[in-house]
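[1] Sequence plus the predicted model coming up.
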Amino acid sequence: MNNPITENWLNDFIRRGIAEDVGDGDHTALACIPSADRKSARLIVKQEGVIAGLAIAEAIFHYLDPSSTWKSLKNEGEYVFPGQIAAVLEANTRVILKGERLALNTMQRMSGIATLSHRLANKVADLPVRLIDTRKTTPLLRPLEKWAVLLGGCENYRFGLFDRIMIKDNHIDASGSITQAIKQVHNYLNFHELQLEITVEVRNKQEIEEVLTVGGCQRIMLDNFSPAEIKEAIALIGKKMEIEASGGINEDNLREYAETGVDFISLGALTHSAGSLDLSLKIIS
């Protein structure tokens, strides 16, 4: 499993997150807590689900107090239950209070995504379909959210606009036709000596036939097709290209779509509709 979070990105995220929350100082802790005081704290699970972001929380407290110690009692991506202790922290007490909200907010968001990903992956675990995420992530938090998807058992698709060609309806309409859009993409890739795989979004049978005629693509994405329409499309496409279903797919109808035989199902809901998993950090008195 490739963690999409780099050290430089993480350090910048922590710096900006602390600056946003702390401003010119955590005045409550500064007033109440002696500067040299040290305490331990427990990360407590309050809601059933998949835990994610333990390494991020550890990095936050280490950033604030290099002498801090963090012991994870659960693994990233492990299923947890209310009342369980996920980690134990020992650090400067002011640091615990300063980093608490950033650590919890991050972990709760990531764990919510991991939990939803786990639940959806389990619904189709016996089928060959692969569930993939989208670019529908919280701005500037994409590395965290995409890692959480992986921890939950689904897969990452495009990380951004730069790592795959995806010709969507707006590209097609702006270019004039699917044929013109695909030709322009190949000219662009050849001119810039780029090797990127190509997905073309289609809206009906006629567009599928046009993509198959032009060729030069790796995947057809069926946008807002019903399960019955997808089966017809699969019969038409065969093994000529990978087939992805997208649009209008949710937890209730996921199984029906997966049983059509598509290779991939892309779900923006993995990130944009996931809630948070309830966690708390309590100082041991």
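    Okay, I see it. Predicted, not measured: the structure shown is a model, and the values here were computed from it.
[2] so where do the helices sit in the stretch 51-200 of the chain?
    54-64, 93-123, 142-152, 169-175, 178-192 (DSSP state H, counting those that start in this stretch).
[3] Can you give me the buried ones in the shortest one?
    By neighbour count with 16 or more other CB atoms under 10 Å, helix 169-175 contains the buried residues 171-172, 175. C-betas here are computed from N, CA, C, even on glycine.
[4] Can I get it in CSV, CA atoms only?
    Extracted C-alpha coordinates of helix 169-175, given in CSV (Å, rounded to 0.1, in the frame of the first residue of the first chain):
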residue,chain,number,x,y,z
ASP,A,169,-18.4,15.8,-21.3
ASN,A,170,-17.1,19.3,-21.1
HIS,A,171,-13.9,18.5,-23.0
ILE,A,172,-16.0,16.7,-25.6
ASP,A,173,-18.5,19.6,-26.0
ALA,A,174,-15.7,22.2,-26.1
SER,A,175,-13.7,20.2,-28.6
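[5] what residues does that helix touch?
    Helix 169-175 has contacts (CB atoms under 8 Å, 6 or more residues apart in numbering) with 178, 181, 184, 201, 203, 207, 223.
[6] I am assuming the second one contacts residue 167, so please confirm or correct that.
    So the one you mean is residue 181. Yes: under the criterion of CB atoms under 8 Å, residue 181 makes contact with residue 167 at 5.0 Å.
[7] Can you pull the residues that touch both of these two?
    Taking CB under 8 Å, 6+ apart as the criterion, residue 181 and residue 167 both touch residue 200.
[8] what separates residue 87 from residue 111, distance-wise?
    According to CB to CB, to the nearest Å, residue 87 and residue 111 sit 13 Å apart.
[9] out of the two, which sits in the busier spot?
    residue 111 (30 against 23; other CB atoms under 10 Å).
[10] burial of the closest residue in space to the more buried one that isn't next to it in sequence, as a residue count?
    Counting by CB to CB, 6 or more residues apart in numbering, residue 111 lies nearest to residue 277, which is 3.6 Å off, once chain neighbours are set aside. The tally of other residues near residue 277 (other CB under 10 Å) stands at 25.
[11] Tell me which residues touch residue 277, please.
    Neighbouring residues of residue 277 by CB under 8 Å, 6+ apart: 45, 47, 49-51, 107-108, 111-112, 114-115.
[12] Repeat that for residue 124.
    131, 254-255, 258, 265.
[13] can you name the two of the residues you listed that are farthest apart?
    131 and 255 (11.6 Å; CB to CB).
[14] Neighbour count: the two, which is higher?
    Higher neighbour count among residue 131 and residue 255: residue 131, with 24 against 13, using other CB under 10 Å.
[15] Tell me who's in contact with the more buried one.
    For residue 131, the contact set (CB under 8 Å, 6+ apart) comprises 117, 120-121, 124, 154-155, 264-265, 267, 270.
[16] Now with 7 Å, please.
    Residue 131 is in contact with 120-121, 124, 154-155, 265, 267, counting by CB atoms under 7 Å, 6 or more residues apart in numbering.
[17] Excluding sequence neighbours, find me the nearest residue to residue 141.
    Counting by CB to CB, 6+ apart, residue 141 lies nearest to residue 109, which is 7.5 Å off, once chain neighbours are set aside.
[18] Run through the chain and note the low-pLDDT ranges.
    Residue ranges of the chain with pLDDT under 70: 1-3.
[19] 90 instead?
    1-6, 285 (pLDDT under 90).
[20] State the distance from the residue nearest to the spatial centre of it to residue 199.
    Centroid check for the chain by CA atoms, centre = their mean gives residue 146 as the closest residue, at 2.5 Å. To residue 199, residue 146 is 18 Å away according to CB to CB.
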